[in-house]
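Peer 1: structure for the following, please:
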Amino acid sequence: MEIILKQDVPNLGHKDDLVTVKNGYATNYLIPQGFATMATPSAKKMHAENLRQRAHKETKIRDEASAMAAKLEGFQVTIATKVSSTGKIFGSVNNIQVAEALAAKGFEIDRRNITIQGEESLKEIGVYDVVVKFHRDIKANIKIEIVGEE
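Peer 2: Just a heads-up that it's a prediction; the model follows:
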């Protein structure tokens, strides 16, 4: 039986894939659970039209993401925090503070798309590498400099 997947199914396929499975697997598990729909001729036409429209939107989103990544690539942001005499930060700097510092520079980026390389939060002054994810495979590398507040 041919089905169209509504979401990713492990060991079977990804969302919007057209796959062939045994009748019992489709009618007793995939379709009742909402993981798939039957691939009737009308459903196949609708599926093809949705993929075509999504591809057009996807290219526009990818172009915007790559333009934003090009602007941000190699950018350096300075974050001032309270520091002890040994160079340790009181508290820590995490992706929320990085997002706020980027917003102050004019880059509105969701904190969930910011990844600090190797660590979850920063606890000492210095320069750190940060990856900002704009799309599935479009990323920009920036540097974060943590300095002591005066």
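Peer 1: which positions in the longest helix anywhere in the chain come out as buried?
Peer 2: Using DSSP state H to define each element, the chain has its longest helix at helix 41-72. Of the residues in helix 41-72, 65, 68-69, 72 count as buried by neighbour count, 16 or more other C-beta atoms under 10 Å. Any C-beta I mention is one placed from the backbone N, CA and C, and that applies to glycine too.
Peer 1: dump those into TSV; add pLDDT and distance to S92 as well.
Peer 2: Below are those laid out as TSV (pLDDT from 0 to 100; distance: C-beta to C-beta, whole Å):
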residue	pLDDT	distance to S92
A65	89	29
M68	90	27
A69	89	27
L72	89	23
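Peer 1: measure the residue in the chain sticking out farthest from the centre to A103 for me?
Peer 2: Within the chain, S85 marks the point farthest from the mean C-alpha position, 37.7 Å out by C-alpha atoms, centre = their mean. Per C-beta to C-beta, to the nearest Å, S85 is found 31 Å from A103.
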